[in-house]
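can't give you the sequence, but here's the structure:
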């Protein structure tokens, strides 16, 4: 289980004196606990792998947003710190589909639903995201869908 794996990795990072990994693992563990409490469960319980991946995906998005903000704000030092944390977080995420794979899936779904009207692209987007949940980046899917109707 991912949740148990993170708890074990906290010890490893402490022993290795790896501050970045330790900070990320502790942050993930805290996020898991917050998720359990938000769902009305006890903090000592464990999240399922699916729930843990949802939390990790959220943490990844937060890091990407922070990197963008720090870069725009002229703080490359803070952006580099977030990039290092993001690299650790991404080791737990499944590999996402490439743009080419997404294009194929979108084309098949568009033909399947017979959507040619640009006003229906929201329906296409929803159908594709339902199929690709956790397998593809939503930003890439949106760009591909928008590209079909451009």
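Happy to help now that I have it. Small disclaimer: the values here were computed from a predicted structure and weren't measured.

name the element residue 52 belongs to?
helix 49-72 (DSSP states H and E).

cool, residue 122 as well?
Here residue 122 is assigned to helix 121-132, by DSSP H and E.

Nearest the middle, which residue of the chain would you pick?
residue 57 (2.6 Å; Cα atoms, centre = their mean).

care to break this structure down by domain?
What automatic domain parsing lists as the domains of the chain is 2-90, 99-148.

Name the residues that touch the helix holding residue 52?
Residues from elsewhere that reach helix 49-72 (Cβ atoms under 8 Å, 6 or more residues apart in numbering): 1-3, 6, 27-28, 31-32, 35, 47, 76, 78-79, 82-83, 85-86, 89-90, 92-94, 134. C-betas here are computed from N, CA, C, even on glycine.

Write the ChimeraX selection for whichever of those are buried.
With 16 or more other Cβ atoms under 10 Å as the burial test, the buried ones among the contacts of helix 49-72 are selected in ChimeraX as follows:
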select :2,3,6,27,28,31,32,35,47,79,82,83,85,86,89,92
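
what's the helix holding residue 122 packed up against?
With contacts defined as 3 or more Cβ pairs under 8 Å, 6 or more residues apart in numbering; DSSP states H and E, helix 121-132 has these neighbours: helix 99-113, helix 138-148.

Is it possible to get CSV of these that adds distance to residue 69 and mean neighbour count?
Conversion of the helices and strands packed on helix 121-132 to CSV gives the following (distance: least, Cβ to Cβ, whole Å; neighbours: other Cβ atoms under 10 Å):
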stretch, distance to residue 69, mean neighbour count
helix 99-113, 25, 15
helix 138-148, 16, 16
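
I figured residue 102 was touching residue 141, is that so?
Yes: the pair residue 102 and residue 141 passes the contact test of Cβ atoms under 8 Å, sitting 5.8 Å apart.

quick revisit: look up the pLDDT of the residue nearest to the centre of the chain for me, please.
Note on residue 57: pLDDT of 88.

Next, work out how far apart it and residue 113 are.
26 Å (Cβ to Cβ, to the nearest Å).

do residue 38 as well
Residue 38 is 35 Å from residue 113, by Cβ to Cβ.

Same question for residue 149.
14 Å.
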